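**Student:** Give me the fold of what follows.
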Amino acid sequence: MPTSPSTRPIGDPRPTADVMLELVDEHGRTIGTAEKLAAHQAPGQLHRAFSVFLFDTEGRMLLQRRALGKYHSPGVWSNTCCGHPYPGEPPFVAAARRTAEELGVAPSLMQEAGTVRYNHPDPASGLVEQEYNHLFVGQVSAACRPDPEEVGEIAFVTAEELAALRASATFSAWFPTVLEAALPAIRKLNGGSSRW
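**Tutor:** Numbers count the residues shown, from 1 in each chain. Got it, this is the predicted structure:
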């Protein structure tokens with residue numbers, strides 16, 4: 001049975017395979033559903049996803065290191081929040097919901113930043129990210145309270161600090177793609193700053 005926000009409460013212990021994702025065509029039109037794990041098994045099924053980039057009042061990007069218990073890409077650094085809408089759930093709503101669930105904070109001034117389609121195999125797990133990804137940028141002004149089952153660590157970084165971290169640490173396979181696609185909106189959010 002497909003899950004939805006009303007039937008799957010926060011902290012629900014059901015296995016990941018029970019979560020349903022929305023399958024889409026190359027234009028982002030819904031064509032069906034699939035279980036989360038099945039959608040990520042090679043060669044992957046194109047499905048709807050979202051990626052969020054939040055910044056503090058100093059213009060630093062909020063990153064998260066994924067918890068070691070995650071089934072996919074555990075322990076790697078990535079953008080503020082990423083995930084999948086429930087079938088029929090608007091991506092903006094899903095992005096705000098998951099940011100609150102994972103980081104314990106509500107984004108402010110969050111806005112759409114376009115979409116990007118990609119196919120990223122993960123050699124470590126054998127899983128594949130075939131995603132039609134909705135991008136969002138915004139700000140965060142309250143203190144984060146990360147869920148340790150989802151997030152191992154957080155960091156606010158400048159563009160220079162991000163470059164140094166990317167040179168020394170492992171990031172999610174999708175991070176470079178979603179960052180590049182979101183950069184115009186990130187620069188606009190930060191007052192047209194060229195530092196990003």
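
**Student:** Quick one: name whatever helix or strand follows the longest strand anywhere in the chain.
**Tutor:** Assignment by DSSP state E gives strand 108-121 as the longest strand of the chain. Sequence order places strand 128-139 as the next helix or strand after strand 108-121, per DSSP states H and E.

**Student:** And the residue nearest the centre of the protein?
**Tutor:** With distances taken as CA atoms, centre = their mean, the residue of the chain nearest its centroid is Cys82 (1.0 Å).

**Student:** if I pick that residue, what's in contact with it?
**Tutor:** By CB atoms under 8 Å, 6 or more residues apart in numbering, the contact set of Cys82 is Ala49, Phe50, Ser51, Val52, Arg98, Asn133, Ser172, Trp174, Val178. For glycine as for every other residue, the C-beta is placed from the backbone atoms N, C-alpha and C.

**Student:** Distance from the chain centre to the longest strand of the chain, please.
**Tutor:** 8 Å (CA atoms, centre = their mean, to the nearest Å).

**Student:** can you pull the alpha-carbon coordinates of that strand into PDB?
**Tutor:** Taking C-alpha atoms only, strand 108-121 is exported to PDB below (Å, rounded to 0.1, in the frame of the first residue of the first chain):
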ATOM      1  CA  SER A 108      12.600  30.100   5.800                       C
ATOM      2  CA  LEU A 109      12.400  31.900   2.500                       C
ATOM      3  CA  MET A 110      12.700  28.600   0.700                       C
ATOM      4  CA  GLN A 111      12.100  28.900  -3.000                       C
ATOM      5  CA  GLU A 112      12.200  26.700  -6.100                       C
ATOM      6  CA  ALA A 113      15.600  26.600  -7.900                       C
ATOM      7  CA  GLY A 114      14.800  24.500 -10.900                       C
ATOM      8  CA  THR A 115      15.100  20.800 -11.700                       C
ATOM      9  CA  VAL A 116      17.900  18.500 -12.800                       C
ATOM     10  CA  ARG A 117      17.800  15.000 -14.200                       C
ATOM     11  CA  TYR A 118      20.700  12.600 -13.500                       C
ATOM     12  CA  ASN A 119      21.800   9.000 -13.400                       C
ATOM     13  CA  HIS A 120      24.400   8.400 -10.700                       C
ATOM     14  CA  PRO A 121      25.400   4.800  -9.900                       C
END
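
**Student:** Tell me the buried residues in it?
**Tutor:** By neighbour count on 16 or more other CB atoms under 10 Å, the buried set for strand 108-121 is Met110, Ala113, Thr115, Val116, Arg117, Tyr118, His120.

**Student:** thinking Ala182 is in contact with Ser51, fair?
**Tutor:** Yes: in this structure, Ala182 is within contact of Ser51 by CB atoms under 8 Å, at 7.2 Å.
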